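Visitor: 3D model of this:
(one chain, ligands or ions: 3)
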Amino acid sequence: MLHKACLNTLPMVQTFDHNDFFSRRCIWVNGPVIVGAGPSGLAVAAGLKEQGVPFIILERANCIASLWKNRTYDRLKLHLPKQFCQLPNFPFPEDFPEYLNKYQFISYLESYAKNFGINPQFNETVQSAKYDETFGLWRVKTIRTSSSFCPCEIEYICRWLVVATGENAEKVVPEFEGLEEFGGHVMHTCDYKSGEAYRAKSVLVVGCGNSGMEVSLDLCNYKASPSMVVRSSVHVLPREVFGKSTFEVAASLMKRMPLWMVDKILVILACLLLGNVEKYGLKRPSTGPLQLKNTEGKTPVLDVGALQKIRSGKIKVVPGIKRFSQGRVELVNGNILEIDSVILATGYRSNVPSWLKENEFFSKDGIPRNPFPNGWKGNAGLYAVGFTRKGLSGASLDAISVSHDIAKSWKEETKQKKKTMAARHRRCISHF
Ligand SMILES: Cc1cc2nc3c(=O)[nH]c(=O)nc-3n(C[C@H](O)[C@H](O)[C@H](O)COP(=O)(O)OP(=O)(O)OC[C@H]3O[C@@H](n4cnc5c(N)ncnc54)[C@H](O)[C@@H]3O)c2cc1C
Ligand SMILES: NC(=O)C1=CN([C@@H]2O[C@H](COP(=O)(O)OP(=O)(O)OC[C@H]3O[C@@H](n4cnc5c(N)ncnc54)[C@H](OP(=O)(O)O)[C@@H]3O)[C@@H](O)[C@H]2O)C=CC1
Ligand SMILES: O=C(O)C(=O)Cc1c[nH]c2ccccc12
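Guide: Residues are numbered from 1 along each chain as shown. Ligands and ions are numbered 1, 2, ... in the order given. As a prediction, the model looks like this:
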């Protein structure tokens, strides 16, 4: 049991062993606990290091940037030019190309962590985090699985909690009628590496976001035959317009005009440069691409070659799924396709609602309720980084705000604590 009075006098990190049957520990952190060691968690950590604030990062995987290392395919390149993907206070090497591949981005993140001396606690999954009103502290419970003998439970106690677990923490795997009868190989895009294993196979790719499009393209490059399911609608934009990245063009237009107008311009440019994509089954949503990204988190497709394969018929566009049966899929239009494998490009979701015991700041979808730029600060020392639906550039902006805000209140509290300690010390001395 911890007492608040004793917390005030504790050093930076202190461990208490419970007298329990199996290993369970309680650790006081004299600074924030950051959950997640992806780009967002690393960027906050770097900001805190620079301001001399101690912290702990908890990461469920055994490495930093696990999404990029373990859950992306080989040919992945960043969609946005490098100036939108850099984290604060550490530029990309000069010889990096305009669009980094995933290995370059991973090596940058490794150097970033090394440069700022960031050492997360790996193999530690946060199971729950709850604000203790009585003590005015967060209680963060984890399971550490690094030891092969005994997973141990740990409780961290802290004043500040930074949620950096990402918009894409868990894969979305919808249920489909008859899928258990299908018999072929089924996987989510988070486990897809390349089309090597699919040569000459018929593959159903379910979903037409950036993952669905790029996996279908990759399959074509390995001489497989993908059919891509488009059950509703999608915005396809060129990655570049007149030699400039579409994202950059949109960002500079946003400084001069309202979002709806930028959306209109983007759709007109897309029609001019890509032609009418609706005739291939790629119906455009009635809501504009940036508006849709902001409100529903649905990212427009930035085309890197899939559209050409769709035009040439190498990627077939098919409507929604009715049911699966052995070696087959029946579509909502009644057509039946013989297929060897299924790749679910059905997206990702936040996992915050599964562990954060709070329902004011985060919505039930695990995204802060307040839209950008006001979604980074909650009550009672709660913060969120990387939930802006603005990719890496949004994460960097959040990280700067969060690390400054925490540093400010950490310094105030530390000063206050020092004063109290000095007064106590003086009282002790005069007593003797
Ligand atoms: C295939 C793909 C490609 C993308 N490409 C781009 C792009 O080109 N440009 C762009 O701007 N964005 C891109 N994104 C979006 C991308 O998710 C973010 O830009 C970036 O990774 C966000 O970083 P993050 O740290 O917020 O989240 P993540 O990178 O997801 O990191 C979160 C970390 O939290 C850990 N974690 C989760 N839950 C727990 C828990 N309970 N306990 C402990 N640790 C936990 C995870 O293991 C993970 O390491 C892409 C996303 C995907 C899926
Ligand atoms: N190179 C890069 O930079 C890349 C970036 N990314 C990013 O990763 C994030 C996730 O992208 P992604 O994985 O494509 O996920 P998305 O959420 O963008 O797309 C999911 C797709 O799956 C469809 N879907 C979901 N459920 C079903 C169902 N039951 N039946 C049929 N279709 C279904 C959705 O259709 P509907 O719209 O009808 O719901 C949608 O087309 C995005 O931000 C994306 O930009 C991804 C790949 C590459
Ligand atoms: O590719 C992603 O997942 C991103 O989040 C990058 C991104 C953020 N905002 C956008 C708007 C249009 C296209 C891509 C992005």
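
Visitor: is residue 382 in a bridge, and if so with what?
Guide: For residue 382, the beta-bridge partners are residue 161 (DSSP bridges).

Visitor: is stretch 194-212 up against ligand 2 anywhere?
Guide: Yes - using CB under 6 Å from any ligand atom, stretch 194-212 comes into contact with ligand 2 via 206-212. The way it works is simple: take the backbone N, C-alpha and C, and place the C-beta from them, glycine included.

Visitor: end-to-end on stretch 351-363?
Guide: Stretch 351-363 has an end-to-end distance of 11 Å (CA to CA, to the nearest Å).

Visitor: what does stretch 361-372 give?
Guide: 13 Å.

Visitor: residue contacts, residue 144?
Guide: By CB atoms under 8 Å, 6 or more residues apart in numbering, the contact set of residue 144 is 121, 123-124, 151-154.

Visitor: ligand 2 versus the closest residue to residue 155 other than its chain neighbours, what's the distance?
Guide: Excluding the flanking residues, the one nearest residue 155 by CB to CB, 6 or more residues apart in numbering is residue 26, at 4.8 Å. For residue 26, the distance to ligand 2 equals 37 Å [CB to the nearest ligand atom, to the nearest Å].

Visitor: which elements pack onto the host helix or strand of residue 26?
Guide: In this assignment (DSSP states H and E), residue 26 forms part of strand 24-29. The helices and strands touching strand 24-29, judged by 3 or more CB pairs under 8 Å, 6 or more residues apart in numbering; DSSP states H and E, are strand 13-17, strand 152-158.

Visitor: run the chain-centre distance for that strand.
Guide: Strand 24-29 sits 27 Å away from the centroid of its parent chain (CA atoms, centre = their mean, to the nearest Å).

Visitor: could you do stretch 95-106 as well?
Guide: 19 Å.

Visitor: cool, stretch 112-121 as well?
Guide: On CA atoms, centre = their mean, the centre of stretch 112-121 falls 19 Å from the chain's centre.

Visitor: model confidence over it, on average?
Guide: The average pLDDT within stretch 112-121 is 98.

Visitor: show the end-to-end separation of that stretch, please.
Guide: Per CA to CA, stretch 112-121 runs 17 Å from first to last residue.

Visitor: nearest to the spatial middle of the protein, which residue is it?
Guide: With distances taken as CA atoms, centre = their mean, the residue of the chain nearest its centroid is residue 166 (2.9 Å).

Visitor: does ligand 1 sit close to stretch 138-149?
Guide: No - using CB under 6 Å from any ligand atom, stretch 138-149 stays clear of ligand 1, coming no nearer than 7.1 Å.

Visitor: export that stretch to CSV, keeping only CA atoms.
Guide: C-alpha atoms of stretch 138-149 as CSV (Å, rounded to 0.1, in the frame of the first residue of the first chain):
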residue,chain,number,x,y,z
TRP,A,138,-2.4,7.4,-12.3
ARG,A,139,-2.2,3.7,-11.7
VAL,A,140,-0.9,1.9,-14.8
LYS,A,141,-0.9,-1.9,-14.6
THR,A,142,1.2,-4.0,-17.0
ILE,A,143,2.2,-7.5,-17.8
ARG,A,144,5.8,-8.0,-18.5
THR,A,145,6.5,-11.1,-20.6
SER,A,146,10.2,-10.9,-21.2
SER,A,147,11.1,-13.7,-18.9
SER,A,148,10.2,-17.1,-20.3
PHE,A,149,9.5,-18.4,-16.8
